[in-house]
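Enquirer: Curious how this folds, go ahead:
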Amino acid sequence: MPKKHPAIPRPQALTEGALSALERFSRIEAVSGIVLLLAAIAALIWANSPAAASYEHFWNTPITLGLGDFSVSRSLHFLVNDGLMTIFFLVVGAEIRQEIKDGALANLKLATLPLGAALGGVLMPAILYTALNHGTAAASGWAVPTATDIAFAVGVLALLGKSIPSGVRVLLLALAIIDDIVAILIIAVFFTASLDYMGLVVAAGGLALVLVFQRMGISKAAIYLLPGAIVWFGLLKTGVHPTLAGVILGLMTPVSSKPTTERPLDTIGRTFNELMDRLSHPAEDAHQVAKPLKQLREAQRELMPPVQRVQSALHPWVAFGVMPLFALANAGVSLQGLNLEHPLPHGVFMGVIVALVIGKPLGVMLASVTLVKLNICKLPDGVTWSGVGLVGLLAGIGFTMSIFISSLAFSDPELLAAAKLSVLTASTVAAVIGLSWGKLKF
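Expert: Numbering: from 1, shown residues only. Just a heads-up that it's a prediction; the model follows:
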């Protein structure tokens, strides 16, 4: 009976697999928007069902981690918002690092339009919200409508099919990434209380350890869990939101593979020939075939720089695990007892909706028109003003990041509930208008 050998991947397939990481990233982003929506709907139903009490009880379940005499006890809600969301921000940081290296932010000429459009899409919603809530306790939520949910926005864009020019999609991705950068800065600057400098020392020690490991050429991801945890705990002690540890580590991820004596493509060709030679001998043991097969897989891995490997490995977990969990833990707004006729909740509700649905596209369009008319930049190839308008409308889908910021902006439960409900409402309206506009214009 002939011996069975492991399936042999073709060199071309190995190469294409490594080079198609961006395409996989985009497809995951599109599908995850639907999963996010389902998670948000489930949370709303749960929080307003006869089992509503179990919603709060479940997410407030205490989780205790301990080592020896040291222990820390936090709620399950904290674990999701401050723990798992760090992984989300790690992927965001890696995205930003990649875009700065060879993407839409690689040079000033490419970045000018999305940078200007994103800033317009941040400033206009903040101005409109502040104008509607100036001088009240609701004014602290000015940052809530400044964010864009990249997964939801790309998911809606994907529903429009291939009629949408690729330049529109690139512009939306670049704008959303810059939005993420601004949101991160807002969290770091405006939602950080007094600093505990001992925590900064601890975080700096963790970052120094990351740099040492990188200088040593260590590429095993598991090794970086320890310094990553040190940075996270340091920021938590400092008073800075600990999820920023993910952003910092993502930005520190190398964008090029470490130099080797042989190029990965040469390794693939040589190892493949060696493998085929061994397979030509019927008596060859399977374990003798496994070694070159493993070398092929490692060569495929080395084709991708670390920053892409981080995205490829973590993005599916973030898209289909972390973000739906975040939506399930945070989108459960109880409508019972929420009085939107009261001035403060009403101000938050209307302010966020006006800012996201009107302010976002208005800010994006005004900034883009100004930059183009002043000859500072021009529209990308294949992108019309209708395309810019579509990007502006979809940028009004705040969802994940807006809910995240609202949890930092409001300590009052009623205002927080109003903010979350308004984000869900505005994101839905923006998605419907964006879809309608896309169907009409493309």
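
Enquirer: Could you double-check that residue 168 sits in contact with residue 392?
Expert: No - Residue 168 is beyond contact range of residue 392, at 11.1 Å (criterion: CB atoms under 8 Å). No exception for glycine: its C-beta is placed from N, CA and C like everyone else's.

Enquirer: Of the two, which one has the most company?
Expert: Set residue 168 next to residue 392 and count neighbours by other CB atoms under 10 Å: residue 392 wins out with 28 against 24.

Enquirer: What separation is there between residue 182 and residue 176?
Expert: Using CB to CB, to the nearest Å, residue 182 is found at 11 Å from residue 176.

Enquirer: which residue ranges form the strands in the chain?
Expert: In the chain, strands defined by DSSP state E lie at 62-67, 70-75, listed in chain order.

Enquirer: nearest to residue 140, of those strands?
Expert: Ranking the strands of the chain by proximity to residue 140 (CB to CB) places strand 70-75 first, at 23.0 Å.

Enquirer: Just list what that closest one packs against, helices and strands only.
Expert: strand 62-67 (3 or more CB pairs under 8 Å, 6 or more residues apart in numbering; DSSP states H and E).

Enquirer: Surely residue 124 and residue 359 touch.
Expert: Yes - assessed by CB under 8 Å, residue 124 is found in contact with residue 359 at 4.4 Å.

Enquirer: Please say which of the two ends up with more neighbours.
Expert: The residue with more neighbours, out of residue 124 and residue 359, is residue 359; 30 against 24, by other CB under 10 Å.

Enquirer: per-residue confidence at the residue nearest to that one when sequence neighbours are not counted?
Expert: Excluding its sequence neighbours, the residue lying closest to residue 359 (CB to CB, 6 or more residues apart in numbering) is residue 125, at 3.6 Å. According to the prediction, residue 125 has pLDDT 97.

Enquirer: List every C-alpha atom in stretch 418-430, with coordinates, as CSV.
Expert: What follows is stretch 418-430, C-alpha atoms only, in CSV (Å, rounded to 0.1, in the frame of the first residue of the first chain):
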residue,chain,number,x,y,z
ALA,A,418,-28.8,58.3,25.3
ALA,A,419,-25.3,58.5,23.7
LYS,A,420,-25.3,54.8,22.8
LEU,A,421,-28.8,54.9,21.5
SER,A,422,-28.0,58.0,19.4
VAL,A,423,-24.9,56.3,18.0
LEU,A,424,-26.8,53.2,16.9
THR,A,425,-29.6,55.4,15.4
ALA,A,426,-27.2,57.7,13.6
SER,A,427,-25.1,54.8,12.3
THR,A,428,-28.2,53.1,10.9
VAL,A,429,-29.4,56.3,9.2
ALA,A,430,-26.0,57.0,7.8
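
Enquirer: May I see the buried residues of it?
Expert: When burial is assessed from 16 or more other CB atoms under 10 Å, stretch 418-430 yields the following buried residues: 418-424, 426-430.

Enquirer: just stretch 166-181 next, same as before
Expert: Within stretch 166-181, the residues scored as buried using 16+ other CB under 10 Å are 168-181.

Enquirer: low pLDDT regions in the stretch 1-150 of the chain?
Expert: Scanning the stretch 1-150 of the chain for pLDDT under 70 picks out the ranges 1-30, 66-70, 104.

Enquirer: As a check, name the ranges of all helices in it.
Expert: 11-19, 21-47, 52-59, 76-78, 85-102, 108-133, 150-159 (DSSP state H, counting those that start in this stretch).

Enquirer: mind checking which of the ones you listed is nearest residue 231?
Expert: Minimum separation from residue 231 across those (CB to CB) falls at helix 85-102, 9.4 Å.
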